[in-house]
Every structure is written in structure tokens, then in C-alpha cells.
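K.L.:
just coords:
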């Protein structure tokens, strides 16, 4: 068994902390891979809240959810994840959340996530994490604008109080094409 | 289950790649925790080759090995790991190796591993790794001299050809007291 890449490892970390019936957030629905995966993890009694700014991405994901029989437990919102607080109540408990930063694969490469909105969403979500809950960020730095966002997100994570959170960095350091790396924030 | 720390994760990665009967290297025997762990992994038909420059550390480790019934499969050498090549044949296959950099806990904090000798040992070991074999480095940067070694080791790892090796960085980035992080080199 070889060392898993960052994307595979992010799913392992989600599977470890997301339980049947949980509420979770897909902050960047995109092609829907994470959304479908989360919907399977939470099961029929769970709830996935998803966000994306591109209608075509949400439509394709909705089709996938219908085909996999998981549409009933997923709410997709055509808005930026910086508005996530509008879709949570003060008592909402989140077991897991994932951000896939950068642009939509196969889509418009100029429509990218940005540090300001990404961090607004992260700050809004953290207080809702359960103990042992995880907020995962797949960080890409190879595209225009990616390095600035990566630096800001990384810097924010280093400042999170270690009494309340631990932040894991997981990634490969000898690859030419700047693969994404994973930042995993775990609520203690 | 919380995210494992770097030391715990290093043992998970060793347990994944070291099989019964394998030959492995503990490049920094120190207090012997890794040596005993490796001896258990390789079992009665395996072989652990250990190095340390401090006689007292080797004596304590030898006692632990006798008490755990694993002394027969372990050879401890009172010399620096930069001489590891002298203890391998051209056909020796290594399934796993571990370096715990820095100083001996509870010992003389001025006796530290250094980049030159550490990298001499790493370079000597890499050609002997089996496919899927792993060379792990626990990297400490908080002590005097630690940052220079960490920088050099990290830099070396970034230059390893990705066709032959992948190098994982695993560590926590929001802790005040500069905990060690893990670099895991896996032969493809």
C-alpha cells in the first residue's frame, strides 16, 4: 500500500469523523465528488449543505445525487461559501467540512476561490465543529492567485489556538507540478 | 479518534511497510523505543541494524531488547549512522529505516545529529530500500542546530526524483513549542 495522496487522505480523515446522521458542509461543490462522498457518509438521516457559485456545477452534482439516491439529504446553494452562516442555526453542529480551493476542474480557470471569502467561511464554520470534527482544506498554489490564497490560509491556520484546535499539514514535497496539499483543522 | 501526532504516525507508516523477516535500520537508537518496535515488526526471522554514538543509550536499549526477548534479531553498533554502508552488502534490501533527529531525550543536549552525517546516511540507505519501503525522518528544529539540519534535510528531500520516490511531509503547524514533524521517503 503506497502513501495516499492528499485528496485520498482527505476522504480518509472525513470517513473517520463523519458519522451516520451527521450534518456536514461541502464548501466548494464543484464536480460533486466530495458531495456524493459526504452524502454516503452521513446516510439517509444525515444532512449535507453544499455551496458553489457556478450553476452548471450544481446542476451536474444534483444529477449525480439523484442517480446515487442521495438527493434527499443534500441541499445545494448557488452562492459563495462566505455566506455559510446564513444557512446554519446557532446550535448547528458540523462533524466535517471540506474546501477544495482553486478553480473548477474543466471549468473557467479564472473563477477561483480567494483568501478573503475562504477565510470568512472557515471562521464562520469553526465554532460549529463538533469535538473531533474536522474542517479540511485542499490547498492549490500552482494557478494564478493560488499562491496568495495558500499563503493566507496557511498563515491563518498557524494562528489557531492549539488548546482548541490542532492543524495538520499533509502533502508531498518533491513533485514538480505543485500538487495540492491538505490542511486539516480538528476541533479538540 | 484524534489525528495522530507525527511520532505515532511514523510507527503506523513503518507497520504498513515492514513485514515479518524484513531487514530494517534504526539510524538513531537513542532510548530504544523505535528499536524495540522494529524488532517486534520484523519478528524472529527479521533483522534490525541499529546505530548510536552514545554507549549508555545502546546499553539501555540492549537491556530492553533482552527483557522483550528480541535481542537475537538486533545488532547494535556504537558508531555514527554515516557509517551505515559498512554494515550492508550490495544486495541488502531494507524495508524500513527511521531517523529520530536532534539530541537524546534525557541526555547531553549538545550531542546532536547534524545535516552532513544525517544526509550521508540517508543517501547510503536509499538505494537499498525495497519498492514500497520507507525511510522516515522525525525532524526537530527547536534546539540549537536543529533548524539548520531541518532546512538541509527538507531541501534534500525536495530534490529526490519523483519517478523513484515520493516524500510526504506530515506535521502540525499551530503548536507553540515546535513539535517534530515527519518526512517519509517512500521508494516507488
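P.N.:
Done, it's in. Predicted model, so just to flag it, every value in this text is computed and none were measured. Residues are numbered from 1 along each chain as shown, chains lettered A, B, ... in the order given.
K.L.:
contacts, neighbours, all on C-alpha from now
P.N.:
Noted.
K.L.:
The biggest strand by length in chain A near chain B at all?
P.N.:
Counting residues, the longest strand found in chain A (DSSP state E) is strand A:129-139. Yes. Using CA under 8 Å from any CA of the partner chain, strand A:129-139 comes into contact with chain B via residue A:132.
K.L.:
Give me the sheet partners of that strand and which way each runs.
P.N.:
Using DSSP bridges, strand A:129-139 pairs in its sheet with strand A:94-100 (parallel), strand A:181-187 (antiparallel).
K.L.:
In TSV, list these along with mean pLDDT and mean neighbour count.
P.N.:
Shown next, in TSV, are the strands paired with strand A:129-139 (pLDDT from 0 to 100; neighbours: other CA atoms under 10 Å in any protein chain shown):
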stretch	mean pLDDT	mean neighbour count
strand A:94-100	98	25
strand A:181-187	98	25
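K.L.:
Redo those strands as a markdown table? Include distance to residue B:104.
P.N.:
A markdown table is the format used below for these (distance: least, CA to CA, whole Å):
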| stretch | distance to residue B:104 |
| --- | --- |
| strand A:94-100 | 39 |
| strand A:181-187 | 31 |
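K.L.:
So for residue B:84, which of those strands sits nearest?
P.N.:
strand A:181-187 (33.3 Å; CA to CA).
K.L.:
How many residues are close by residue A:21?
P.N.:
16 (other CA atoms under 10 Å in any protein chain shown).
K.L.:
do residue A:116 as well
P.N.:
Number of residues near residue A:116 (other CA under 10 Å) recorded here: 12.
K.L.:
Which residues outside the longest strand of chain A are in contact with it?
P.N.:
Applying CA atoms under 8 Å, 6 or more residues apart in numbering or on different chains, the contact partners of strand A:129-139 are A:6-7, A:10, A:13-14, A:17-18, A:93-102, A:122, A:126, A:150, A:180-188, B:1-2.
K.L.:
Spell out the residue ranges of the helices in chain A.
P.N.:
Ranges of helices in chain A, per DSSP state H, are A:6-17, A:33-42, A:55-67, A:115-125, A:146-158.
K.L.:
how near is the residue nearest the centre of chain A to residue A:35?
P.N.:
Nearest residue to the geometric centre of chain A (CA atoms, centre = their mean): residue A:98, 1.4 Å. According to CA to CA, to the nearest Å, residue A:98 stands 9 Å off from residue A:35.
K.L.:
same check, this time on residue A:3
P.N.:
24 Å.
K.L.:
Of the two, which one has the most company?
P.N.:
A direct count of neighbours by other CA under 10 Å for residue A:3 and residue A:35 places residue A:35 higher, at 29 against 19.
K.L.:
which residues does the residue nearest to the centre of chain A contact?
P.N.:
A:25, A:26, A:27, A:28, A:34, A:135, A:136, A:137, A:138.
K.L.:
switch to 6 Å and redo it
P.N.:
A:26, A:27, A:135, A:136, A:137 (CA atoms under 6 Å, 6 or more residues apart in numbering or on different chains).
K.L.:
what does residue A:187 give?
P.N.:
Per CA under 6 Å, 6+ apart, neighbours of residue A:187: A:131, A:132, A:133, A:165.
K.L.:
For these, which single residue is the most surrounded?
P.N.:
That'd be residue A:133 among the contacts of residue A:187, by other CA under 10 Å, with 26 neighbours.
K.L.:
How about it: what's its closest non-neighbour residue?
P.N.:
Nearest non-adjacent residue to residue A:133, counting by CA to CA, 6 or more residues apart in numbering or on different chains: residue A:95, 4.5 Å away.
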